[in-house]
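>>> Quick check, what structure comes out for this input:
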Amino acid sequence: MLKAFTKHPATVGETYFKHLAHAGGFGSRMVLGGLACIVHAIFPFLFIKTGSRLIADLHRRMIEQRTRTEDGWSYVI
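Modelled structure (predicted):
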């Protein structure tokens, strides 16, 4: 069962805890960006560029940190 927690992180060159921190940080930014978009929907004068900026930043980070694996590209999230 332990292998279930370490198999994917190993394919992207990370330990379980490094992957936990990286994926958790990525997910947190996604949640914050989503909340900013919801606030912007209600108050269009707030967070005008926040959602777009966060998406572009997350995409850039994912592309810069992807690795080539046996079964194709692996995106480190």
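>>> in which helix or strand would I find the spatially most central residue of the chain?
Nearest to the mean C-alpha position of the chain, counting by C-alpha atoms, centre = their mean, stands F26 at 3.2 Å. Assessed by DSSP states H and E, F26 sits inside helix 16-42.
>>> got the buried residues for that helix?
Using 16 or more other C-beta atoms under 10 Å as the test for burial, helix 16-42 gives 19, 22-23, 26, 33, 36, 40. Every residue, glycine included, has its C-beta placed from N, CA and C.
>>> tell me which residues in the helix or strand just after it are buried?
Going down the chain from helix 16-42, the next helix or strand is helix 50-64, by DSSP H and E. Buried residues in helix 50-64, counted by 16+ other C-beta under 10 Å: 50-51, 54, 61.
>>> Now do the same for D57: its pLDDT.
Note on D57: pLDDT of 94.
>>> same question, H8
H8 is given a pLDDT of 89.
>>> H19 reaches T11, doesn't it?
No: H19 is beyond contact range of T11, at 10.0 Å (criterion: C-beta atoms under 8 Å).
>>> which residues touch stretch 45-53?
By C-beta atoms under 8 Å, 6 or more residues apart in numbering, the surrounding residues in contact with stretch 45-53 are 33-34, 36-37, 39-40.
>>> what about 7 Å?
33, 36-37, 39-40 (C-beta atoms under 7 Å, 6 or more residues apart in numbering).
>>> Flag the shaky bits of the protein, pLDDT-wise.
67-77 (pLDDT under 70).
>>> From K7, how far off is M1?
11 Å (C-beta to C-beta, to the nearest Å).
>>> who's more crowded, the two?
K7 (10 against 4; other C-beta atoms under 10 Å).
>>> Please determine how far the more buried one is located from E14.
Look at K7 and E14: by C-beta to C-beta, they are 11 Å apart.
>>> Likewise for R61?
For R61 relative to E14 (C-beta to C-beta), the value is 14 Å.
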